[in-house]
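Visitor: One predicted model, sequence on top.
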Amino acid sequence: MTHSDSRAHVAILDDEPEIRRMLSDTLEEAGFRTSCYARATEFEAALKRTAPDVCLVDLGLPDRDGLALVHRLALESGAAIIIISGRAQVQDRVTGLELGADDYIIKPFDPAEVVARIRARLRKGRPETDRAAQTARFAGWTAHFDRYLLVNETGEEVAFSHAEGEVLRLFLESPKRLISRAQMQESLGGAAGDSFDRAMDVRISRLRTKLGEDPKNPRLIKTIYGAGYIFLGDVSWD
């Protein structure tokens, strides 16, 4: 599903209507597009139709274990995940981050802090010098990073998430060069370890699917086992 709206999309999952309203109002005012959900079931159903750039997830959900949901999101979604929770114990924060969350905000919070944290996440891996170049062409595809769109030679459009875009941009800025897991972690942020590696595997798998790659023998994004990845296409930037 493609949106003409180029604003970053934040999905809010919290069972408290006041918090949903406050976050949505603050984020919309700050220039984001939002969608709100009270239950995990409706949130997960919506994810099949849309790819938010950031998911704000409350851990105390009525119909699902919040940490299990965060873990699944980290493995299956390309979004940045920020936990918002009343659980202030250090162990809860550590567990949330180990399961793949990108950040953890404790209730009660200042809405302005949430906006700042989201902006910080969306800036990760996108240095100021790169912002002018928002369109790249490679192997019959055009990637529009300002609109989160891939367009093929026949004009067919495929949407990608902000997180998937971070990985794609990393490849397109360093074609035909080995990019190690350590370099990816340094460029994209997030805690190193199994959860980061799994999240990268998921994002790369999703990118390959969107680019029509053969998963057994991809022609563009090659896995160099034990070393990292290499992007084999020729790239030109507009």
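Guide: Received, thanks.
Visitor: so after the lengthiest helix in the chain, what's the next helix or strand?
Guide: Ordering each helix of the chain by length in residues (DSSP state H) puts helix 194-210 first. The C-terminal neighbour of helix 194-210 among helices and strands, as given by DSSP states H and E, is strand 221-224.
Visitor: List the pairing partners of that next one within its sheet, with orientation.
Guide: When pairing is defined by DSSP bridges, strand 221-224 lines up against strand 228-231 (antiparallel).
Visitor: which residues are contacting the partner strand?
Guide: Contact with strand 228-231 is made by 171-172, 174-181, 183-184, 204, 220-224, as judged by CB atoms under 8 Å, 6 or more residues apart in numbering. Where you see a C-beta, it was placed from the backbone N, CA and C, and this is true even at glycine.
Visitor: separation between the spatially most distant residue from the centre of the chain and residue 147?
Guide: Farthest-out residue of the chain from its mean C-alpha position, per CA atoms, centre = their mean: residue 154, at 26.9 Å. When distance is defined by CB to CB, to the nearest Å, residue 154 is 18 Å away from residue 147.
Visitor: And residue 214, by the same measure?
Guide: 27 Å.
Visitor: more neighbours, these two?
Guide: Taking other CB atoms under 10 Å, residue 214 and residue 147 do not tie; residue 147 has more neighbours (18 against 8).
Visitor: give me phi/psi at that one?
Guide: phi -120, psi 0 (degrees, to the nearest 10).
Visitor: Per-residue pLDDT of the spatially closest residue to it that is not a sequence neighbour, please?
Guide: Among residues not flanking residue 147 along the chain, residue 6 sits closest, at 5.1 Å (CB to CB, 6 or more residues apart in numbering). As predicted, residue 6 sits at a pLDDT of 72.
Visitor: Could you do residue 128 as well?
Guide: 43.
Visitor: Same question for residue 33.
Guide: 94.
Visitor: So what does it look like in phi/psi?
Guide: According to degrees, to the nearest 10, residue 33 has phi -100, psi 140.
Visitor: my guess is it meets residue 6, correct?
Guide: No - with contact defined as CB atoms under 8 Å, residue 33 does not reach residue 6; the gap is 9.1 Å.
Visitor: Look at the two and report which has more neighbours.
Guide: Each of residue 33 and residue 6 has its neighbours counted (other CB under 10 Å); residue 33 has more, 17 against 12.
Visitor: How far off centre is stretch 8-20?
Guide: Distance of stretch 8-20 from the chain centroid (CA atoms, centre = their mean, to the nearest Å) equals 17 Å.
Visitor: What is the end-to-end distance of that stretch?
Guide: 17 Å (CA to CA, to the nearest Å).
Visitor: which of the residues in it are buried?
Guide: Across stretch 8-20, burial judged by 16 or more other CB atoms under 10 Å covers 8, 9, 10, 11, 12, 13, 14, 19, 20.
Visitor: next one: stretch 157-173
Guide: Those would be 158, 160-173, for stretch 157-173 by 16+ other CB under 10 Å.
Visitor: how near is residue 194 to residue 94?
Guide: On the measure of CB to CB, residue 194 and residue 94 end up 14 Å apart.
Visitor: no no, residue 59
Guide: 13 Å.
Visitor: Domain-wise, how is this protein divided?
Guide: 9-123, 132-237 (automatic domain parsing).
Visitor: out of these, deepest packed?
Guide: Ranked by mean neighbour count, the domains of the chain are led by domain 9-123 with a mean of 18 (mean count of other CB atoms under 10 Å).
Visitor: got the end-to-end distance for that one?
Guide: 14 Å.
Visitor: Tell me the gap between that domain and the middle of its chain.
Guide: 12 Å.
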